[in-house]
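Trainee: A predicted structure for the sequence below; I have some questions about it.
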Amino acid sequence: MEIKYLGHSSFRIKGKKAVVVTDPFDPDMVGLKFPGVDADIITVSHEHDDHNAADRVQGRSGKQPAVFRGPGEYEVNGVKIYGFRTYHDAQQGGERGTNTVYRMVVDDVAMLHCGDLGHLIDDALLEEIGEINILFVPTGGVYTISEKDAAKVARQVDPNIIIPMHYRVNGLKESFNGLTPVDAFLKEMDKTSAPENKLVISKDTLPDEISVVVLTAS
C-alpha cells in the first residue's frame, strides 16, 4: 500500500484493489495547490470547503468515485470503511458542527482518519473503532485539537504509525496562520521525523513501536 500526502488533511491511499482520497480541499480556500488525482473512494469528514471538494477528484476505470460524507458502513472493491460521528469542537458541535472519523481497512491495514476532530475520543468510541495501525491526526490546533491533545489522541488510539496533518505550512491562506507547525507535535511526542515523499507499507512491515511519519505534500 502506498500513501501520499496531498496537503492539509488530504491523502491518496493506493491499495491493491482500490484508491481512497481523504478530505479533498478547495485550493482557493486553503491556499495550497490540489494536485490532479483519481480515486475509487472519497471520504469527507465534514462540509467545509477545505475538506469537501470531492469534485476535484477524478474517477478510475471509467467510473465515478464513491463519495462518503458521514457515519455508516461502506465497502467498495474490498475496502471496508466505517464512519463514526464526532465533533469539530469541544462543545459537542455547538461551535463548528459535526465531524466524521473514518476507519478504513486497505490491504489488511486498519487506518483512522480523524478529519477536523475537535476533542479527545471517549472510551466507548475507542472500543467501537478497534485496533488501528495507522492514525491520521490533525495537530495544528485552532480549528481542531491542539498538538497536546493530538498527542493524547495518539496515545489513546495506540497505532503503529502516526501521520500528522492539518498543521501550518508555507503557502496557507491567512485564515490558517494560527495553526502550529508539525514540529510542535513532534516535540509533544518526543519524536523526530525527516519528511518523506510517500509511505509504502504493508501489514507485515508495520513497526512494533509507535513511529511518526511526516509526509511532504506532492
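Mentor: Now that the structure is in, tell me what you want to look at. Note that the coordinates shown come from a computational prediction; the quantities given were computed from them, not determined experimentally. Numbering: from 1, shown residues only.

Trainee: Can you tell me how far the closest residue to Tyr143 other than its chain neighbours is from Glu174?
Mentor: Closest residue to Tyr143 apart from its sequence neighbours, by Cβ to Cβ, 6 or more residues apart in numbering: Asp116 at 5.9 Å. From N, CA and C alone the C-beta is placed, and that goes for glycine too. Separation of Asp116 from Glu174 (Cβ to Cβ, to the nearest Å): 19 Å.

Trainee: and the two? which has more neighbours close in?
Mentor: Asp116 (27 against 7; other Cβ atoms under 10 Å).

Trainee: longest helix anywhere in the protein?
Mentor: For the chain, the longest helix by residue count, based on DSSP state H, is helix 147-157.

Trainee: Hey, what's the angle from the next helix or strand after it to helix 147-157? Just curious.
Mentor: Following helix 147-157 in sequence order, the next helix or strand is strand 161-165 (DSSP states H and E). Orientation check (axes from the mean of the first three to the mean of the last three Cα atoms, to 10 degrees): strand 161-165 against helix 147-157 gives 150 degrees.

Trainee: Parallel or antiparallel, list what pairs with strand 161-165.
Mentor: Using DSSP bridges, strand 161-165 pairs in its sheet with strand 134-138 (parallel), strand 211-212 (parallel).

Trainee: Can you tell me which of those strands is packed in deepest?
Mentor: Mean neighbour count (mean count of other Cβ atoms under 10 Å) peaks for strand 134-138 among the strands paired with strand 161-165, with a mean of 27.

Trainee: Name the residues that touch that strand?
Mentor: 3, 9, 11, 22, 109-117, 144-145, 150, 153-154, 157, 159-167, 201 (Cβ atoms under 8 Å, 6 or more residues apart in numbering).

Trainee: Per-residue pLDDT of the residue nearest to Tyr143, please?
Mentor: Looking at Asp116, its pLDDT reads 96.

Trainee: distance of it from Leu199?
Mentor: From Asp116 across to Leu199, the span is 22 Å (Cβ to Cβ).

Trainee: who's in contact with Ile162?
Mentor: 134-135, 137, 154, 189, 210-213.

Trainee: so which of those would you say is closest to Asn77?
Mentor: Asn77 lies nearest to Ile134 out of the contacts of Ile162, by Cβ to Cβ, at 19.2 Å.

Trainee: In this protein, which residue sits furthest out from the middle?
Mentor: The outermost residue of the chain, judged against the average C-alpha position, is Gly62 (26.3 Å), by Cα atoms, centre = their mean.

Trainee: Adding distance to Lys80, write the contacts of Ile162 out as CSV.
Mentor: Shown next, in CSV, are those (distance: Cβ to Cβ, whole Å):
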residue, distance to Lys80
Ile134, 15
Leu135, 17
Val137, 21
Ala154, 23
Met189, 29
Ile210, 24
Ser211, 25
Val212, 26
Val213, 23
